[in-house]
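S.K.: Got a sequence here, can you build the structure:
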Amino acid sequence: MRTAFARLLPLVVILLGLGLITAPVAQAAGETATFAKVSDWGTGWEGRYTIRNGGTVTISSWRVEFDLPAGTAIGTHWDAVRGGSGNHYVFSNAGWNGTLAPGASVSFGFNGSGPGAPANCTVNGVACGGGGGGPQPPGVPGVPGGVRVSATTGSSISLAWNASSGTVTGYRVYEGTTVRATPTGTSATITGLAACTSRTYTVSAVNAAGESARSAPVTGTTTGCPIGPLPRHFLTGYWHNFVNPAVELRLRDVPADYDLVAVAFAEATGTPGAVTFGVDAGLSGALGGYTNADFTADVATLHARGKKVILSVGGEAGRVAVGDAAAATNFANTMRSLITQFGFDGVDIDLENGLNPTFMGQALRSLRNQVGSGLIITMAPQTIDMQSTGGSYFQLALNIRDILTVVHTQFYNSGSMLGCDQAQAYTQGTVNFMTALACIQLENGLRPDQVALGLPAGPGAAGGGIVAPSMVNNALDCLARGTNCGSFRPPRTYPGIRGAMTWSVNWDVSNGNNFARTVRPFLNTLP
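M.R.: Have a look, this model is predicted:
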């Protein structure tokens, strides 16, 4: 016969699915994380994770990881720093909510879409539901705090941490479930790694009474990552192939401060995806006769000076559309022809009217297969395009990050926007704006060497977000070293931050070349 519990079970399952009640979490040593879908409006839903410290010592940080099934995605989020890639999501504490005393809890939330729910959840490297079924035995040492990457080489990652509370006879350094080192002190070096390899570690403390819970995970990357045919830190400037109030320049007259020159712009043809380029008639007239042959010779002149020249596709008025496989093929083939004709070193994607990440990614991979590994690929999204990994521009960057050179987001003409802390809207034209928004990319899948700051060169170059070049240096210093920050401080430093971009060379020259003369020398001082 069916019991009363059996008759109630379907109702419990329904309520759990709706998030109106949450599944009980076994109390255990260390952290637990509980998910609840707190509201659902048909086309989307709001989810919340609550992290609780069920251990006996204070923790200084937390990190929740989980997977979502295909067709389910996360948009905006709050009270956490978001990372991960694809349908694997990583949320770690913001600067103000990482510390949890025993018994304390904290929550973060997000808006999602699609029918699925989180699976394979871990908090600080262990199952979100906890484990062990009870408190740690008396005398077990505290969880190591402050675990950090102290140094890297091309074949090793060095870690350091703060001494655990209680009696400690040694520590264990884990890579996943494998113990990689058993030091007696508060540091360890993992050797025998390949260049440009990322590894994630946790640390526990041990004594005769047992082993502590593991620390929050930390990820390190060995050096030797390929950064392409450009300096470790470099300056990009756009060159106008048109006439506007800024000064007109022949390409060979671009100041030597610029390492990479992006020629603006390639234009659409009547064939979907296909692009074309030639010296603008108005510019040619303004320069007293400037031909395609002159331009090609100027590209060679810049090459002789050690500079690189790429062709930018799009712009504010650009209408290039790569929306299917045929258009992707047309884009790759016509770009290849222009590279051959004029000597361009690569391509810049500046499609301000939207793009299809699948087929644009296909086009860029096809182009790279034709040109080779030396192809420079850059992107110049608007600020709004890089607010979430769910956006098409961000998806494209993540989809091609193995061949992507750099993303130099336009941190101007933006108004105020949320940064990676999701704590407040930061105002354009400030160090906070540049660092907090660059942090979104740095904490959500792009390498530091793939992130640069894009700013106007001075008056006339943009409608908003113009900053003194010294502020650009401050923002780079904050991201690279953690110094000269505003009130926003990134969760970590990014010594490999790639550099800066400006719109444009022409406007910079019109304003006395102040941007390049201020920012370029500073780039040489970065780590």
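S.K.: Name the next helix or strand downstream of the helix or strand containing residue 35, please.
M.R.: Using DSSP states H and E, residue 35 maps to strand 31-40. The helix or strand immediately downstream of strand 31-40 is strand 45-53, counting by DSSP H and E.
S.K.: by how many degrees do that following strand and strand 31-40 diverge?
M.R.: 160 degrees (axes from the mean of the first three to the mean of the last three C-alpha atoms, to 10 degrees).
S.K.: What residues sit buried inside whatever helix or strand comes next after strand 45-53?
M.R.: Remark: after strand 45-53, the chain's next helix or strand is strand 63-67, criterion DSSP H and E. Of all the residues in strand 63-67, those buried under the rule 16 or more other C-beta atoms under 10 Å are 63-66. C-beta: built from backbone N, CA, C; applies to glycine.
S.K.: Turn those residues into a markdown table, including distance to residue 451.
M.R.: Formatted as a markdown table, the buried residues of strand 63-67 follow (distance: C-beta to C-beta, whole Å):
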| residue | distance to residue 451 |
| --- | --- |
| 63 | 21 |
| 64 | 24 |
| 65 | 22 |
| 66 | 25 |
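S.K.: which among these gets closest to residue 443?
M.R.: Using C-beta to C-beta, residue 63 is the member of the buried residues of strand 63-67 that lies nearest residue 443, at 11.7 Å.
S.K.: which residues touch the spatially closest residue to that closest one that is not a sequence neighbour?
M.R.: Leaving aside its chain neighbours, residue 63 sits nearest to residue 92 (4.4 Å; criterion: C-beta to C-beta, 6 or more residues apart in numbering). Residues near residue 92 by C-beta atoms under 8 Å, 6 or more residues apart in numbering: 61-64, 80-81, 83, 98, 216, 491.
S.K.: Looking at the residues you listed, spot the one nearest residue 339.
M.R.: Using C-beta to C-beta, the contacts of residue 92 come closest to residue 339 at residue 83, 34.7 Å.
S.K.: can you tell me which residues contact that closest one?
M.R.: Shown in contact with residue 83 (C-beta under 8 Å, 6+ apart): 89-92, 443-445.
S.K.: Out of the helices and strands in this protein, which is least certain?
M.R.: The weakest-scoring helix or strand in the chain, judged by mean pLDDT, DSSP states H and E, is helix 4-18 (a mean of 37).
S.K.: What strands flank the strand holding residue 35, and is each parallel or antiparallel?
M.R.: Here strand 31-40 is paired, per DSSP bridges, with strand 45-53 (antiparallel).
S.K.: And for the strand it pairs with, what's in contact with it?
M.R.: Counting by C-beta under 8 Å, 6+ apart, 19, 25, 30-40, 59, 62, 64, 74, 91, 100-113, 118, 123 sit against strand 45-53.
S.K.: run the last query once more with 7 Å
M.R.: With C-beta atoms under 7 Å, 6 or more residues apart in numbering as the test, strand 45-53 has contacts from 31-39, 59, 62, 64, 100-112, 123.
S.K.: same question, stretch 202-215
M.R.: Outside stretch 202-215, the residues that reach it (C-beta under 7 Å, 6+ apart) are 29-30, 55, 124-126, 136-145, 147, 161, 164, 167-174, 217.
S.K.: Mind giving me the ChimeraX command for buried ones among the residues you listed?
M.R.: What follows is the ChimeraX syntax for the buried subset of these, where burial is set by 16+ other C-beta under 10 Å:
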select :29,30,55,124,125,126,136,140,141,142,143,144,145,147,161,164,168,171,172,173,174,217
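S.K.: Restricted to strands, list the contacts of stretch 202-215.
M.R.: 126, 145, 147, 161, 170-174 (DSSP state E).
S.K.: need the strands for the stretch 401-527 of the chain, in chain order.
M.R.: All strands of the stretch 401-527 of the chain, identified by DSSP state E, counting those that start in this stretch, fall at 406-410, 416-418, 425-427, 451-456, 499-503.
S.K.: ok, and for stretch 182-200, which residues are buried?
M.R.: Under 16+ other C-beta under 10 Å, the buried positions of stretch 182-200 are 186, 188-190, 193, 197, 199.
S.K.: do the same with stretch 260-280
M.R.: Quick answer for stretch 260-280 (16+ other C-beta under 10 Å): 260-268, 272-275, 277, 279-280.
S.K.: I'd like to know which of those is nearest to residue 402.
M.R.: Looking across the buried residues of stretch 260-280 and measuring by C-beta to C-beta, the closest to residue 402 is residue 260, at 20.1 Å.
S.K.: what bridges to that closest one?
M.R.: As assigned using DSSP bridges, the partners bridged with residue 260 are residue 236, residue 308.
S.K.: who are the neighbours in contact with it?
M.R.: 230, 234, 236, 308, 310.
S.K.: Could you rerun that using 6 Å?
M.R.: Residues in contact with residue 260 (C-beta atoms under 6 Å, 6 or more residues apart in numbering) are 234, 236, 308.
S.K.: circling back to that earlier point, just put the ones in strands among the contacts of stretch 202-215 in a markdown table and tack on distance to residue 396 and pLDDT.
M.R.: Formatted as a markdown table, these follow (distance: C-beta to C-beta, whole Å; pLDDT from 0 to 100):
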| residue | distance to residue 396 | pLDDT |
| --- | --- | --- |
| 126 | 34 | 80 |
| 145 | 38 | 84 |
| 147 | 34 | 85 |
| 161 | 38 | 93 |
| 170 | 47 | 95 |
| 171 | 42 | 96 |
| 172 | 41 | 94 |
| 173 | 37 | 94 |
| 174 | 35 | 90 |
